[in-house]
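Undergrad: Next come a sequence and a model predicted from it.
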Amino acid sequence: MADDDVKRAREQWESAELRDSLARRPESEPEWRTLSGIPVQRVYTPEDLPPFEEIGFPGKHPFTRGAYPTMYRARPWTMRQLAGFGSGEDTNERFRYLIRQGQSALSVVFDMPTLMGLDSDHPRSQGEVGREGVAVDTVDDLAALFDGIDLTRTSVSMTINPTAWILLAMYVALAQERGNDPAALAGTAQADILKEYMAEKEWIYPVRPSLRLVRDLIVWSARNLPRYNPISISGYHISEAGASSVQELAFTLCNALVYLDEGTAAGLHVDEFAPRLTFFFAAQQDFFEEVAKFRAARRLWARIVKERYGAKKPESMRLKFHCQTAAAALTRAEPMNNVVRVALQALSAVLGGAQSLHTNGFDESYAIPTEEAMRVGLRTQQILAEETRVANVVDPLGGSYYVESLTSTMEREVLAILDKVASLGGTVKALEENWFQRQIADNAYETLRKRASGEHAVVGVNRHAEPGRQERVEIQRVDPETERRQIERTQRVRRTRDNRQVRELLEELAEQARDPAVNLMPVTIEAVKARATLGEIVERLKDVFGTHTEVPVL
């Protein structure tokens, strides 16, 4: 049917069937929008499709339909459930459980002291050791964490940001001490410090020296770890802080541009490191908007890297992303409803072409997930992969009038935000002036207002709720002896190491940090091999870099 024929057919339908239907039963809302506020038409037709070259074929520029030509027909996405609590031994046991259940890679979450650069025996660590993730002070803790796990055969993702370069140094040191070639290591360090200042609020140093550490990590990895992804540029935490899906994608790409600039300014050609840059997105609640977000992300990245940075390799233009279902969507009320929420969000990630996926536990509104909750989350992925057959076709929603139109609309909305940030002087300047923080805070407030008023439905909370219902949820508990044992191990390491060597290496680290041109990864690796603790390294660099204090945004 030609375009003119489609237009005439639509107009005829509107003047007949639609008009009569509206006369008998008006629609329930005066207007419809996605959760990001994008207007949604009543119906979509071929008139709404973009030119085919914008849609294209999977595995080919602009990669709208998928990063690879065969996608899940060649192999399923990586099922990578987050795990981390207590000591290295505790989390190692959980790793082994997940591997027995069929998990195909490992993903580590660290406790708050480790994230913030504090050793377990620091006064500010009291009560937090091993509570929300695994505690790591020295290479010995990492050895316990990966005991019996072949690092050359297992892809390991580490959710770590302010201290990412130290954890990567420990990971490399551990591999070398085991006799492994670091070039064989595969996995990802999250390492996206910019989103911390925007959203997650875990930082140590001011923005610019923190960015220098990320640059050092990326550049060193590009030259020494050919199979390793040195950064996962993370929209997930931007989303969890309250951003819309459009903001999540736009702000993530703003950060990505900075990392591209840092790498090229350090002397790398974009094709030397862009293939190892990865992304991390949330799967939020608006099903079709999420699918469109992932498709728009690929198209935007392909065009930006090629047109702005002169990439030649298809690998540089191929956006690869990990996805996690939205923790902010989980409810304490009727927690088993979360199983359904997680399954649908996971389905949007699969239909959107994720390379790896974490499905949240139904109990995560209460605490870190139990073994049962993690098993249900993993089984959710396995059912999607092995029972539903949704992975049989690459980009099965490709060509959908609605999805294609929404993908193009999201792309335009994101480009408008990128232009706005450029007009403000770029990402770092806008970040230092709290522009991103204000945008996220405003959207978070509006979302909470709509949920409180019932405008946004939350089943079991503001719709179909049972007043007075008492929930009984078994939660994961950390052994109270964990903190004592962890402190004892750290203090034992300090007593038995060569303390003179550690002091000399820490002084060398500080001296090198004063020269912005020096890459700090090699000396950090030597320091952790000598058993310098994470907290000692962080403290020594505070003398050089200072610390960051946030200006609150309300």
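TA: Cool, got the structure.
Undergrad: Can you check what pLDDT the model gives the nearest residue to residue 184 once chain neighbours are set aside?
TA: Leaving aside its chain neighbours, residue 184 sits nearest to residue 152 (4.1 Å; criterion: C-beta to C-beta, 6 or more residues apart in numbering). The way it works is simple: take the backbone N, C-alpha and C, and place the C-beta from them, glycine included. In this model, residue 152 is scored at 94, pLDDT.
Undergrad: quick one: average pLDDT of the helix or strand harbouring residue 257?
TA: Secondary-structure element containing residue 257, defined by DSSP states H and E: helix 245-265. Across helix 245-265, pLDDT averages out at 98.
Undergrad: Return the set of buried residues in that helix.
TA: Buried residues in helix 245-265, counted by 16 or more other C-beta atoms under 10 Å: 245-264.
Undergrad: now stretch 315-334
TA: For stretch 315-334, by 16+ other C-beta under 10 Å, it's 316-327, 329-331, 333-334.
Undergrad: Inside strands: which ones of these?
TA: 321-325 (DSSP state E).
Undergrad: any idea which of the residues you listed is closest to residue 545?
TA: Nearest to residue 545 among those is residue 322, at 29.3 Å by C-beta to C-beta.
Undergrad: Quick check: bridge partners of that closest one?
TA: residue 280, residue 356 (DSSP bridges).
Undergrad: what about it, distance to residue 261?
TA: Distance, residue 322 to residue 261, using C-beta to C-beta, to the nearest Å: 23 Å.
Undergrad: Give me the average confidence score over stretch 91-102.
TA: Confidence over stretch 91-102 (mean pLDDT, whole number) is 91.
Undergrad: Dump it to CSV, keeping only the CA atoms.
TA: C-alpha atoms of stretch 91-102 as CSV (Å, rounded to 0.1, in the frame of the first residue of the first chain):
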residue,chain,number,x,y,z
THR,A,91,30.6,-14.6,48.7
ASN,A,92,32.7,-17.3,47.2
GLU,A,93,30.2,-19.8,48.6
ARG,A,94,27.4,-17.9,46.9
PHE,A,95,29.3,-17.8,43.6
ARG,A,96,29.6,-21.6,43.7
TYR,A,97,25.9,-21.9,44.4
LEU,A,98,25.0,-19.7,41.4
ILE,A,99,27.4,-21.5,39.1
ARG,A,100,25.8,-24.8,40.1
GLN,A,101,22.4,-23.3,39.2
GLY,A,102,23.6,-22.5,35.7
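Undergrad: For it, which residues meet the burial criterion?
TA: Buried residues in stretch 91-102, defined by neighbour count with 16+ other C-beta under 10 Å: 91-92, 94-95, 98.
Undergrad: any idea how far it is from the chain center?
TA: Counting by C-alpha atoms, centre = their mean, to the nearest Å, stretch 91-102 is centred 22 Å from the centre of its parent chain.
Undergrad: contacts for it?
TA: Stretch 91-102 has contacts (C-beta atoms under 8 Å, 6 or more residues apart in numbering) with 79, 81, 83-85, 106, 108, 134, 144-149, 371, 374-375, 378, 382.
Undergrad: Could you pick out which of the residues you listed are located in helices?
TA: Applying DSSP state H to these, the entries found in helices are 144-145, 371, 374-375, 378, 382.
Undergrad: Could you say which helix or strand holds residue 296?
TA: helix 287-307.
Undergrad: Quick one: find the helix or strand in the chain with the lowest mean pLDDT.
TA: strand 82-83 (a mean of 84; mean pLDDT, DSSP states H and E).
Undergrad: wait, doesn't residue 113 sit right on residue 125?
TA: Yes: Residue 113 lies in contact with residue 125 (C-beta atoms under 8 Å); the separation is 4.0 Å.
Undergrad: shared neighbours of the two, which are they?
TA: Listed as contacting both residue 113 and residue 125 by C-beta under 8 Å, 6+ apart are residue 119.
Undergrad: sorry, back to before: tilt between the helix holding residue 257 and helix 287-307?
TA: Angle between the axes of helix 245-265 and helix 287-307 is 20 degrees (criterion: axes from the mean of the first three to the mean of the last three C-alpha atoms, to 10 degrees).
Undergrad: Format the ones in strands among the buried residues of stretch 315-334 as CSV; extra columns: pLDDT.
TA: Below are these laid out as CSV (pLDDT from 0 to 100):
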residue, pLDDT
321, 97
322, 96
323, 97
324, 97
325, 97
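Undergrad: Output those residues as TSV; include the columns distance to residue 490.
TA: As requested, those are exported to TSV (distance: C-beta to C-beta, whole Å):
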residue	distance to residue 490
321	36
322	31
323	35
324	30
325	35
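Undergrad: Quick check: mean pLDDT of stretch 191-209?
TA: Across stretch 191-209, pLDDT averages out at 95.
Undergrad: returning to what we had before: following the chain past the helix holding residue 257, name the next helix or strand.
TA: helix 270-273.
Undergrad: who touches that next one?
TA: With contact meaning C-beta under 8 Å, 6+ apart, helix 270-273 is reached by 218-219, 221-222, 230, 260, 263-264, 305, 309-313, 315-316.
Undergrad: Keeping just the C-alphas, turn stretch 75-85 into CSV.
TA: What follows is stretch 75-85 as a C-alpha-only set of coordinates in CSV (Å, rounded to 0.1, in the frame of the first residue of the first chain):
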residue,chain,number,x,y,z
ARG,A,75,24.4,-17.9,22.2
PRO,A,76,22.1,-16.5,24.8
TRP,A,77,22.8,-13.4,26.7
THR,A,78,25.2,-13.7,29.7
MET,A,79,23.2,-14.4,32.9
ARG,A,80,25.1,-12.4,35.5
GLN,A,81,23.5,-12.2,38.9
LEU,A,82,25.1,-9.8,41.3
ALA,A,83,26.5,-11.3,44.5
GLY,A,84,28.4,-10.0,47.4
PHE,A,85,28.1,-10.0,51.2
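Undergrad: Residue 59 touches residue 73, doesn't it?
TA: No: if you go by C-beta under 8 Å, residue 59 and residue 73 don't touch, sitting 11.4 Å apart.
Undergrad: more neighbours, these two?
TA: Ranked by neighbour count (other C-beta atoms under 10 Å), residue 59 and residue 73 place residue 59 first, with 16 against 13.
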